[in-house]
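Trainee: Mind looking at a prediction? Sequence and model below.
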Amino acid sequence: MKLILIRHPATEALEKRIIYGRSESPLTKEGVASIAWAAEYLADVDLAALFSSPQTRAKMLADGIAEKHPGLAVQVDERICELHCGIYEQLTMEEATALDAEDAHKFVYDFGFHRPKGGENFEDVKARTGPFLEELNELARKEGYNERPIAVVSHAMAIRSMISHLLGYGLNDIWHFHIQPTGMMEIDYDEKDRWGRLISMTAPDSLI
């Protein structure tokens, strides 16, 4: 199975360092411009399928990519939404610390297992993206998508959870990957050996 994992474009919340896992945020000017870059970059790639998180910042990018691929529908899947930050949604880190310093510290430094009130931890995200990837693997096998990549437009933590699943990286290792807005990661995954390989990474550096 060949995958292209794509992070959503830059947003105002990201620029202002606001915590916004499931919250919506408008794209920045650079974020909007990067949609055209991504669409053009993938225009000549024979995509087998295109999946997107339902969150607006991801769906806008997926729709832009789809415009260059007539007949290719964007398939929305809730399982590739971003990590839910619970009570810390739409707060700055300073505001989160003022709300509950001890809990906010755990939210940042023990995100793998600490679940903020109303939110998720990293293991929760892996629990939903893992089955999603297994279904993609089965789809690729059944449809014979040996050389045709499947594009997935998602979010930083959701993509890291997929990297963990596909490449076998542990919680501490996923931070070695800098996943930029509108950044793409091409991964080959061998379903027989359950082994993945990172092929390439790219991003619109001149726009962000």
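Mentor: Nice, thanks for sending it over.

Trainee: give me phi/psi at Ile187?
Mentor: Torsion angles at Ile187 (phi, psi; degrees, to the nearest 10) stand at phi -130, psi 130.

Trainee: pLDDT wise, what is it at?
Mentor: Per-residue confidence (pLDDT) for Ile187: 97.

Trainee: now do the one 3 residues further on
Mentor: The predicted local distance difference test score for Asp190 is 88.

Trainee: Can you pull the phi and psi angles for Asp46?
Mentor: Backbone torsions for Asp46, taken as degrees, to the nearest 10, come to phi -80, psi 80.

Trainee: For the nearest residue to it once chain neighbours are set aside, give me its contacts.
Mentor: Leaving aside its sequence neighbours, Asp46 sits nearest to Arg148 (Cβ to Cβ, 6 or more residues apart in numbering; 5.2 Å). Backbone N, C-alpha and C define where each C-beta goes, glycine included. Arg148 sits next to 2, 46-48 when contact means Cβ atoms under 8 Å, 6 or more residues apart in numbering.

Trainee: now swap in Val125 and tell me
Mentor: Shown in contact with Val125 (Cβ under 8 Å, 6+ apart): 83, 157-158, 161.

Trainee: backbone phi and psi for Ser52, please?
Mentor: phi -150, psi 150.

Trainee: who's it bridged to?
Mentor: Val76, Val153 (DSSP bridges).

Trainee: Neighbours of it, how many?
Mentor: Per other Cβ atoms under 10 Å, the neighbour tally for Ser52 reads 24.

Trainee: circling back to that earlier point, pLDDT at the residue nearest to Asp46, what is it?
Mentor: At Arg148, the pLDDT value in this model is 96.

Trainee: roughly how far apart are the residue nearest to Gly183 when sequence neighbours are not counted and Gln180?
Mentor: Of all residues not flanking Gly183 in the chain, Ala203 sits nearest, at 3.7 Å (Cβ to Cβ, 6+ apart). Counting by Cβ to Cβ, to the nearest Å, the separation of Ala203 from Gln180 is 4 Å.
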